[in-house]
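Asker: build me a model:
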Amino acid sequence: MKFMKENGKGLLLCLAIAVPCWFLGNVIPVVGGAVFAMLAGMVTACFLKHREPFQSGIAFTAKYSLQGAVIFLGFGMNLTVVIQTGKQSLPIIISTISISLLMAFMMSKVLRIPSNASILIGVGSSICGGSAIAATAPVIHADDDEVAQSISVIFFYNMIAALLFPMLGGLLGFSTESGEAFGIFAGTAVNDTSSVTAAASTWDSLYHLGSQTLDKAVTVKLTRTLAIIPITLVLSLWQARKAKHSGKTISLKHIFPFFILYFVLASVMTTVCVHLGVPSDFFTPFKTLSKFLIVVAMSAVGLNTNIVKLIKTGGKPILLGFCCWCGIIGVSLSMQHFLGIW
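Answerer: As a prediction, the model looks like this:
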């Protein structure tokens, strides 16, 4: 009762924004419900004169919806399939993640972008867009402005990738008789699952490949998603080191991202159940819930975002995202050529 009294109004406001944005995102999947929710939250915040009754619930939603989204994402991970695909795509995935994080680090120094924003853009570009940002933000204690900024950058390049990649694949001479090469390219070089799906489905449609490209691209993308685990753990240790140097008391409970452990457990549970004969479709509602929780969280992020500040500081993060994206594309193509895939 006390919980609802403190957080109920904020939770209801976030849900009131998230539900219509969720349906709108299903109608226009290239944009996605998360982006619609974040934008709607920003607009709503401009007209919300008395924030106090809502603030506690908004803060709760922003934090725990993101963590819940990551946990339920684990129910979409059949580790057996991921490992099989990883044998072929793992060198490309490691290379693209490494170059993106390196570019983010270097360009943040050159452009003087705060470390949190550059980390979020780097992991969002290289791992899995909004889900990676959702996993990383609580670990590095990123504020809502930084989360909104990174999501905006990722969304911008998602849109470009969904439209440009099928044409780029044709110009580069990817095989039109098999979806394997373009599927790996889309799965390793496109930021977010929605845009991976859009680009791969377009390639299948153009060359009448059924769902060959889509199946390959999505599986490679899921393999990339597992990089959330080591990245968040490394960032946790980095945060602990910073705290130690500043003389703060370090507690394992505060630095360890336990929601990542639950993500791993959900993945293992899915793998075991599928191996025992449970149909993979059984876990579809959990994956859907993960996507919905991201939409809910983004509504809260939007409500806490200073839209004027976001616009004023948007240029440098967009340039940083562009550098990361170009590095990922170049390394993905180079590695595929080196491995004889393309």
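
Asker: which residues of the stretch 201-342 of the chain score low on pLDDT?
Answerer: Judged against pLDDT under 70, the low-scoring parts of the stretch 201-342 of the chain cover residues 243-257, 309-310, 314.

Asker: give me the secondary structure label for Phe176.
Answerer: Quick fix: residue 176 is Thr, not Phe. Using DSSP: H, G, I helix; E, B strand; the rest coil, the three-state assignment for Thr176 comes out as coil.

Asker: how far away is it from Ala200?
Answerer: From Thr176 over to Ala200 the distance is 14 Å, taken as CB to CB, to the nearest Å. In short, each C-beta sits where N, CA and C put it, glycine included.

Asker: among these two, which residue is more densely surrounded?
Answerer: Taking Thr176 and Ala200 together and counting by other CB atoms under 10 Å, Ala200 has the greater number of neighbours (32 against 15).

Asker: what about the more buried one, helix or strand, and which?
Answerer: Assignment of secondary structure by DSSP states H and E places Ala200 within helix 193-207.

Asker: what comes up buried for the helix ranked longest in the chain?
Answerer: Scanning the chain for the helix with the most residues, using DSSP state H, yields helix 79-111. By neighbour count, and taking 16 or more other CB atoms under 10 Å as the criterion, the buried residues in helix 79-111 are 79, 82, 85-86, 89-90, 92-93, 95-97, 99-101, 103-104, 107-108.

Asker: where does the stretch 51-200 of the chain dip in pLDDT?
Answerer: Checking the stretch 51-200 of the chain against pLDDT under 70 turns up 85-86.

Asker: distance from the chain centre to the helix or strand following the longest helix of the chain, please.
Answerer: Stepping forward along the backbone from helix 79-111, the first helix or strand reached (DSSP H and E) is helix 115-123. Taking the mean C-alpha point of helix 115-123 and that of its whole chain, the gap between them comes to 12 Å (CA atoms, centre = their mean, to the nearest Å).

Asker: who does the longest helix of the chain touch, helix- and strand-wise?
Answerer: helix 115-123, helix 180-189, helix 212-225, helix 258-275, helix 315-338 (3 or more CB pairs under 8 Å, 6 or more residues apart in numbering; DSSP states H and E).

Asker: what packs against the fourth one?
Answerer: With contacts defined as 3+ CB pairs under 8 Å, 6+ apart, the secondary structure elements packing on helix 258-275 are helix 52-73, helix 79-111, helix 130-140, helix 228-245.

Asker: 7 Å - rerun?
Answerer: Contacts defined by 3 or more CB pairs under 7 Å, 6 or more residues apart in numbering; DSSP states H and E place helix 258-275 against helix 52-73, helix 79-111, helix 228-245.

Asker: list of residues touching the helix holding Ala200?
Answerer: With contacts defined as CB atoms under 7 Å, 6 or more residues apart in numbering, helix 193-207 is touched by 29-30, 32, 128-129, 158, 161-162, 165-166, 169, 176, 179, 182-183, 186-187, 190, 210-214, 217-218, 221.

Asker: list only those of the residues you listed flagged as buried.
Answerer: Those of the contacts of helix 193-207 that meet the buried threshold are 30, 32, 128-129, 158, 161-162, 165-166, 169, 179, 182-183, 186-187, 190, 212-214, 217-218, 221, by 16+ other CB under 10 Å.

Asker: could you point out the helix or strand that follows whatever helix or strand Cys21 lives in?
Answerer: Cys21 is located in helix 2-27, with elements delineated by DSSP H and E. Beyond helix 2-27 on the C-terminal side, the first helix or strand identified by DSSP H and E is helix 33-47.

Asker: which other helices and strands does that next one contact?
Answerer: Helix 33-47 sits against helix 2-27, helix 144-172, helix 284-303, with contacts defined as 3+ CB pairs under 7 Å, 6+ apart.

Asker: which one, of the ones you listed, ends up nearest to Ala69?
Answerer: In terms of CB to CB, the element of the helices and strands packed on helix 33-47 nearest to Ala69 is helix 284-303, at 3.9 Å.

Asker: please identify the buried residues of that closest one?
Answerer: Buried positions in helix 284-303, judged by neighbour count with 16+ other CB under 10 Å: 286-287, 289-303.

Asker: counting contacts, what elements does that helix pack onto?
Answerer: helix 2-27, helix 33-47, helix 52-73, helix 130-140, helix 144-172.

Asker: could those helices go into TSV alongside distance to Ser205?
Answerer: Converted to TSV, the helices and strands packed on helix 284-303 look like this (distance: least, CB to CB, whole Å):
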stretch	distance to Ser205
helix 2-27	19
helix 33-47	23
helix 52-73	27
helix 130-140	25
helix 144-172	9
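
Asker: single out the most deeply packed of those helices.
Answerer: Most buried of those by mean neighbour count (mean count of other CB atoms under 10 Å) is helix 130-140; its value is a mean of 26.
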